[in-house]
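# Here's a sequence, model it:
(2 chains)
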Number of protein chains: 2
Amino acid sequence: MNLVPAVQGKNINSVTGKLSNSDLAGRCLLDKVDDTGSSNEALVFHPVPGIRLGATCAGIKYNNRNDLVVIELAEGGNCAAVFTRNAFCAAPVTVAREHLLTAMPRYLLINSGNANAGTGKPGHSAAVESCKTLAATRGCAINQVLPFSTGVIGELLPLEKIAVAIPDALTSLTEQGWGTAARAIMTTDTVPKISSKQIELSGRTVTITGIAKGSGMIRPDMATMLAYIATDALVDRHLLQRCLESAVKPSFNSITVDGDTSTNDACVLMASGVSESSPITDEDSAEFACFSAAVEAVCMDLARAIVLDGEGATKLVEVLVEDAKTESEARDVAYTIAHSPLVKTALFASDPNWGRILAAVGRAGLADLDVNAIKIWLDDVCIVREGGRAKDYTEAAGQRVMDQSALTIRVALGRGDASTRILTCDLSYDYVKINAEYRS
Amino acid sequence: MNLVPAVQGKNINSVTGKLSNSDLAGRCLLDKVDDTGSSNEALVFHPVPGIRLGATCAGIKYNNRNDLVVIELAEGGNCAAVFTRNAFCAAPVTVAREHLLTAMPRYLLINSGNANAGTGKPGHSAAVESCKTLAATRGCAINQVLPFSTGVIGELLPLEKIAVAIPDALTSLTEQGWGTAARAIMTTDTVPKISSKQIELSGRTVTITGIAKGSGMIRPDMATMLAYIATDALVDRHLLQRCLESAVKPSFNSITVDGDTSTNDACVLMASGVSESSPITDEDSAEFACFSAAVEAVCMDLARAIVLDGEGATKLVEVLVEDAKTESEARDVAYTIAHSPLVKTALFASDPNWGRILAAVGRAGLADLDVNAIKIWLDDVCIVREGGRAKDYTEAAGQRVMDQSALTIRVALGRGDASTRILTCDLSYDYVKINAEYRS
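So this is what the prediction gives:
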């Protein structure tokens, strides 16, 4: 699979690439916004026929910015979703799961500024009531509305403000609404996150566009932070779910900022089916493979954008663990490195203090670990071999890698064929500042 | 058991309490030293007959301060030890383990400034050679010397400097050397850590005195940071080991600063046997119970002192998890809370952001967790009940607890009888500063 790498920075004005099955076109679009999230710079994306988005300011926590989003899925479309495994999952997560069991969604109702988590029965009622208000306005069933919330934990959702704002959000529904929605779902994020790709299926162009939010409390577990992805392809409901579950594993489920799995993680994949391409109903078809690869590419772009925008992050770090006995132990080692405050602060300092990486590998809890078989690299520089510092390692070579804004820590355990790859970031003063000075 | 609580701060000039079996006398003695570790304030302790300590400046990493310590155990004494479970354990840990298998130690040789970890075979040889030099000088066997190192990982031990300094360290051996040794083993520690207690056994006063170092890379696993405890009691070798293993569990093995288990953790308990009290040879005797309780109390004092001196720490936090199905799951919940960067930064900010605690409990990985049965308190203030914020909770009450420099987070899981208690600290700017600006 040939993934187009994500592009950071401002002024990305082109979204398209070649439209073909083999080369997944599109780019991850990130542009900086000012503190109020009201950047005037345009986010570039492909609209998705059959999907409309609207946003408005309900004044839930923030002033002078949008904080309420409605996403509309055309009648006859399909929807798949995955959610957090945090046992203290938020009320909207519980309600969305319940609604998905009994109906196919037509609307997603998303607010930022309040997580509606840790709010007990009143929180559950508030989530249901907000769906009821939207359903009554649009004349659909309550269980065709899925609620989502993100923000501070433990405060009751201000239902009245949301009820008042829903008609405004509905009035603004448009297929051009992706950029506005990407900004409206932000909390401590500093950039909106959007990715958009087009592929060719049975001679027709099919679009996959997604948005996400997430910056802190990031260690998704079988789900993600809030992410909404849509396509105009017509995809069987069960295949859509399978495609999503497969796509989140190497993307949202392989990133960590601070190891804190959120109460509100959710990722939704909608297929409006209004494209004129043939329906995707066969799991073994080339079309499903191509579609799945494109969805995974969008998820990878968004996941990478979340880590890049990790609270206080100054470095993007890929942790690659190879030659493990099982994927599970590879992940244990990778996450032990990625969560080590000592490794993360050394990364922030651009200090090739490789002893901290070695110590993290050693404490990852692997039985019968032969340290003499382990090799560790910073990018292409081997730092550890035969139980200690590699003989040809030089501080200058390590420093050269560490001075980059993106780097790979690679560990070969020398005991099997399994491997894993996760993305993380460093731990800076600003992480402490963001989480100590503001209640998020 | 009635433990005398540790005392923080300066100018603690009294060490003694009542000498009795029921009331464990003694205090944890902490006094601030200046940056060079050369405070003029006296540390107060009971010397241990049969144990002598010496220190000198070998110039391993630091200048103008002692960095090499020798501890001498009288002939005929016994010694117990526990070590790190980090698979990348340091060369001195491997050598000390080997030596303990074949001989009873007479000398401990400890250096600060260099961990001799991640140094492969040359590191192992260096550790052995340093023991050889000391053994030759004193006329004992090599395996009667145990080496210990703490400091930066991955640099080879400067053997020549150590060889030159060993005679100096031996010349300074004295039963009064505890305070000097406590300072000489410090690295990023800001205070020396010493605890001293006396008990009465068969009508004789018996002393237990210990020192420890540790501030960062603190999440001991079946061992501790460097800690050296000694008594003049005569204790059977196997009972001494049992006593130590039991004492480290609630103390050194129940603390965490940053979750990073060191490559060099070691804890040693020496019994010189020169006291005139009766030998302790019966595991079921009142004497062994009393002795063990005193050793545990010394370990608790030192463990608490390590967390208090955690890198950048501004708060001492006890995490108590009750009503768990197993102790293992209680510890999973406790460590998930204690390692959560979001909980730790909220503690630093004195922000009663209890939603972050709730989210940490929820992501601890317990199967079939009924969140409605969980209760969470900050000291005596109930913050979570019935799946959400306790009805009678007020922000003012939470703030009152958070404003303290020491507090307890208590979680009742409502699903069993097991419990655990660990100590941790907050995550401040200074943690990042200490670990980003200096290579430790």
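
# Run through chain A and note the low-pLDDT ranges.
Scanning chain A for pLDDT under 70 picks out the ranges A:1-42, A:221-224, A:438-440.

# Apart from its neighbours in sequence, what residue is nearest A:Gly177?
A:Leu53 (3.1 Å; C-beta to C-beta, 6 or more residues apart in numbering or on different chains). Using the backbone N, CA and C atoms, a C-beta is placed for each residue, glycine as well.

# Assumed A:Ile208 was part of a strand.
Yes: looking at A:Ile208 with DSSP: H, G, I helix; E, B strand; the rest coil, it is inside a strand.

# ok, now how distant is it from chain B?
A:Ile208 is 30 Å from chain B, where distance means C-beta to the nearest C-beta, to the nearest Å.

# What of A:Tyr393?
Look at A:Tyr393 and chain B: by C-beta to the nearest C-beta, they are 9 Å apart.

# Contacts only, for that residue.
Listed by C-beta atoms under 8 Å, 6 or more residues apart in numbering or on different chains, the contact set of A:Tyr393 reads A:Trp354, A:Val381, A:Cys382, A:Ile383.

# three-state assignment of it?
Of the three states, A:Tyr393 takes coil under three-state DSSP.

# distance of it from A:Leu100?
Using C-beta to C-beta, to the nearest Å, we find A:Tyr393 at a distance of 52 Å from A:Leu100.

# which ones are touching A:Ile166?
With C-beta under 8 Å, 6+ apart, A:Ile166 has these contacts: A:Leu68, A:Val70, A:Leu109, A:Ser130, A:Thr133, A:Leu134, A:Thr137.

# Restrict the one helix or strand the residue nearest to A:Gly177 maps to to CA atoms and write it as CSV.
Here A:Leu53, judged by DSSP states H and E, is contained in strand A:51-56. Taking Å, rounded to 0.1, in the frame of the first residue of the first chain, the C-alpha atoms of strand A:51-56 are listed here in CSV:
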residue,chain,number,x,y,z
ILE,A,51,-23.2,13.9,3.7
ARG,A,52,-24.0,17.4,5.0
LEU,A,53,-22.5,19.1,8.1
GLY,A,54,-23.6,22.1,10.1
ALA,A,55,-22.2,24.0,13.1
THR,A,56,-23.2,26.7,15.4
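
# okay, stretch A:395-410 in PDB with CA atoms only?
What follows is stretch A:395-410, C-alpha atoms only, in PDB (Å, rounded to 0.1, in the frame of the first residue of the first chain):
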ATOM      1  CA  GLU A 395      27.200  10.800  20.500                       C
ATOM      2  CA  ALA A 396      27.300  13.000  17.400                       C
ATOM      3  CA  ALA A 397      25.400  10.400  15.400                       C
ATOM      4  CA  GLY A 398      22.700  10.100  18.100                       C
ATOM      5  CA  GLN A 399      22.500  13.900  18.400                       C
ATOM      6  CA  ARG A 400      22.000  14.200  14.600                       C
ATOM      7  CA  VAL A 401      18.900  12.000  14.800                       C
ATOM      8  CA  MET A 402      17.600  13.600  18.000                       C
ATOM      9  CA  ASP A 403      17.800  17.100  16.500                       C
ATOM     10  CA  GLN A 404      15.100  16.300  14.000                       C
ATOM     11  CA  SER A 405      11.400  17.100  14.600                       C
ATOM     12  CA  ALA A 406      10.400  13.500  13.700                       C
ATOM     13  CA  LEU A 407      12.300  10.300  14.300                       C
ATOM     14  CA  THR A 408      12.000   6.600  14.800                       C
ATOM     15  CA  ILE A 409      13.000   4.500  17.800                       C
ATOM     16  CA  ARG A 410      13.400   0.900  16.500                       C
END
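
# Buried residues in it, which are they?
A:Ala397, A:Gly398, A:Val401, A:Met402, A:Leu407, A:Thr408, A:Ile409, A:Arg410 (16 or more other C-beta atoms under 10 Å in any protein chain shown).

# got it, and stretch A:74-82?
In terms of neighbour count (16+ other C-beta under 10 Å), stretch A:74-82 has its buried residues at A:Ala74, A:Gly77, A:Asn78, A:Cys79, A:Ala80, A:Ala81, A:Val82.

# who's sitting farthest from the centroid in chain A?
A:Lys391 (40.0 Å; C-alpha atoms, centre = their mean).

# any idea which of the buried residues of stretch A:395-410 is closest to chain B?
The closest of the buried residues of stretch A:395-410 to chain B turns out to be A:Gly398 (C-beta to the nearest C-beta; 10.5 Å).

# quick one: the strand or helix carrying that closest one to chain centroid distance?
Per DSSP H and E, A:Gly398 falls inside helix A:395-402. Relative to its parent chain, helix A:395-402 has a centroid offset of 31 Å by C-alpha atoms, centre = their mean, to the nearest Å.

# How about stretch A:299-314?
Centroid displacement of stretch A:299-314 relative to its chain, using C-alpha atoms, centre = their mean, is 8 Å.

# Put the alpha carbons of that stretch into PDB.
What follows is stretch A:299-314, C-alpha atoms only, in PDB (Å, rounded to 0.1, in the frame of the first residue of the first chain):
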ATOM      1  CA  CYS A 299      -7.500   7.200   9.600                       C
ATOM      2  CA  MET A 300      -3.600   7.100   9.500                       C
ATOM      3  CA  ASP A 301      -3.600  10.800   8.400                       C
ATOM      4  CA  LEU A 302      -5.900  11.800  11.200                       C
ATOM      5  CA  ALA A 303      -4.200   9.700  13.900                       C
ATOM      6  CA  ARG A 304      -0.800  11.200  12.900                       C
ATOM      7  CA  ALA A 305      -2.400  14.700  13.000                       C
ATOM      8  CA  ILE A 306      -3.600  14.000  16.600                       C
ATOM      9  CA  VAL A 307      -0.100  13.100  17.800                       C
ATOM     10  CA  LEU A 308       1.500  16.000  15.900                       C
ATOM     11  CA  ASP A 309      -1.000  18.200  17.800                       C
ATOM     12  CA  GLY A 310      -0.400  16.300  21.100                       C
ATOM     13  CA  GLU A 311      -0.600  18.700  24.100                       C
ATOM     14  CA  GLY A 312       2.800  20.500  24.300                       C
ATOM     15  CA  ALA A 313       4.300  18.100  21.700                       C
ATOM     16  CA  THR A 314       7.400  19.300  19.800                       C
END
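
# Tell me if that stretch is near chain B.
No: judged by C-beta under 8 Å from any C-beta of the partner chain, stretch A:299-314 makes no contact with chain B; its nearest approach is 9.1 Å.

# tell me which residues of that stretch are tucked away?
A:299-314.

# Cheers, nothing more for now.
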